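J.: Have a look; sequence and predicted model below, questions after that.
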Amino acid sequence: MDHKADVVILGAGAAGLAAAERLMDQGLRIIVLEARDRVGGRMVTLRDPTTDVPLELGAEFVHGKPASLLKRIRRAGLTVSPCNDTHALLWRGKLEEREDAFAFQEPLMSAEGPDRPIAAWVEEQARLRAWPPLVCAMARSYVRGFYAADPDVASTLAIARMEQTADASGGTTPSRVLEGYDRVPLAMAAKLLAKPGTLLLNAVAEEVRWRPGSVRVRARTRQGTPLGTFQGEHAVVTLPVGVLQAKPPAPGAVRFVPRVRTQERAWNRLAMGSLVKVLLRFRAAFWRELEATAHFGFFHAPASPFPTWWTLSPHRHTRHLVGWSGGPAAASLSRLSEKAVLERALRGLSQIFPLSPRELNARLEAWHVQDWQDEPYTRGGYAVIPSGAMDAVEALAEPVGRTIFFAGEATHVRGDEGTVHGALETGRRAADELLSRRSKA
């Protein structure tokens, strides 16, 4: 069975929804294909069954004051509130507030070429600035955590650009959508959901067959049932780097016929950062009961498999802690069972708080382990730019004639890779490129 539209969009995450929003506003007929049974991509929220508090399995924070995202949050009638941004650091058995541990941040923002991996840059700066081991450890931990990247691989210049962009848009001070982050893509998808045949969930794209001015996308359900062919004059591809790199017949892998060689070379030069989150609910919020930890919102333990933990501030009276692991540590965790991941999480917490793993287990009520490498339609956290590969982002963002357009956080060329607002901006950018080339046809 054939389905026809002006534009076929692959993916209903932030970028796909932003592209759909713009193209529909301009009167184009669109079809959005989404492999999952929901919209939002890496924005996915559970609600605690005892308190109804939103628990974010993917994207969690609004960083700084990004206009594109805040506009959509306000339009949806949602509330953004700042988190408790005080940080405690565990170093050599002592937990305390150590602002000096982040002395690497300003130099990183102003790092200059030649490009090299972050690990090499840290060694160089440690010699030049006489950094103590604590600063070096936190610099590497920051790159593994915040950027889900391997310091031996990640580009110093790319991360410097992202740091500069974040600083220009209000910094990285985190806020939270109190009603849950998933309410943002749900609001964006309202028009699509109201128009039958426009948004297809459980629709896995398998092949994009194209020629100038024409695309035919073949799709099936996750169960393997063919859905037919979706035809249009253009396609907007918003798939994550991990999915673009997958080879058929792997779940979610897409074949382009003929191949889009420039973009293919680009996505294979990038990497997909590993990411594992663990969400724990305890019988009581023991961290608020202890004088030494009561006023902190974030806890860092650079040597732990989960080097960063945070509370659900500004939500009050919650009994949850969230553990975050990115980069090589997360890749190692992905090879373990859920039980083993939970054991490592509690063992790490026992180093931060004066409670043994056994005591923490006795206080634990509920948990959720979110392994993003195990998600076939994502295959990781977000894009990582290896040293020497900054130009791959621009190459991936290049349209194929006036026919295929690429969007998604990995295609943000101005330093907002890995963010929700960056993904939104690329969806709008791809839609505008399509409209411009369509008008000139």
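T.: All right, it came through fine.
J.: how about the helices in the stretch 301-441 of the chain?
T.: 328-333, 338-352, 357-363, 390-397, 420-440 (DSSP state H, counting those that start in this stretch).
J.: The stretch 1-150 of the chain too?
T.: 14-25, 67-75, 105-109, 118-129, 133-146.
J.: any chance of those helices in JSON lines, plus distance to residue 389, mean neighbour count and mean pLDDT?
T.: Every C-beta, even on glycine, is put in place using the N, C-alpha and C of the backbone. Below are the helices of the stretch 1-150 of the chain laid out as JSON lines (distance: least, CB to CB, whole Å; neighbours: other CB atoms under 10 Å; pLDDT from 0 to 100):
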{"stretch": "helix 14-25", "distance to residue 389": "20", "mean neighbour count": "26", "mean pLDDT": "98"}
{"stretch": "helix 67-75", "distance to residue 389": "25", "mean neighbour count": "16", "mean pLDDT": "96"}
{"stretch": "helix 105-109", "distance to residue 389": "18", "mean neighbour count": "16", "mean pLDDT": "96"}
{"stretch": "helix 118-129", "distance to residue 389": "13", "mean neighbour count": "17", "mean pLDDT": "98"}
{"stretch": "helix 133-146", "distance to residue 389": "15", "mean neighbour count": "21", "mean pLDDT": "96"}
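J.: so which of the ones you listed comes closest to residue 161?
T.: helix 105-109 (9.2 Å; CB to CB).
J.: Kindly export that closest one (C-alpha atoms) in PDB.
T.: Only the C-alpha atoms of helix 105-109 are listed here, as PDB (Å, rounded to 0.1, in the frame of the first residue of the first chain):
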ATOM      1  CA  GLN A 105      36.200  24.900  32.900                       C
ATOM      2  CA  GLU A 106      37.400  28.400  31.900                       C
ATOM      3  CA  PRO A 107      40.600  27.200  30.200                       C
ATOM      4  CA  LEU A 108      38.500  24.500  28.300                       C
ATOM      5  CA  MET A 109      36.100  27.200  27.000                       C
END
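J.: re the thing from before, for residue 44, find the nearest of the helices of the stretch 1-150 of the chain.
T.: helix 14-25 (11.8 Å).
J.: and the closest one, what other elements does it pack with?
T.: strand 7-10, strand 30-33, helix 183-188, helix 190-193, strand 234-237, helix 420-440 (3 or more CB pairs under 8 Å, 6 or more residues apart in numbering; DSSP states H and E).
J.: Switch these over to JSON lines, and while doing so, append mean pLDDT, distance to residue 216 and mean neighbour count to every line.
T.: As requested, these are exported to JSON lines (pLDDT from 0 to 100; distance: least, CB to CB, whole Å; neighbours: other CB atoms under 10 Å):
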{"stretch": "strand 7-10", "mean pLDDT": "98", "distance to residue 216": "9", "mean neighbour count": "28"}
{"stretch": "strand 30-33", "mean pLDDT": "98", "distance to residue 216": "12", "mean neighbour count": "25"}
{"stretch": "helix 183-188", "mean pLDDT": "98", "distance to residue 216": "27", "mean neighbour count": "22"}
{"stretch": "helix 190-193", "mean pLDDT": "96", "distance to residue 216": "21", "mean neighbour count": "15"}
{"stretch": "strand 234-237", "mean pLDDT": "98", "distance to residue 216": "9", "mean neighbour count": "30"}
{"stretch": "helix 420-440", "mean pLDDT": "96", "distance to residue 216": "17", "mean neighbour count": "22"}
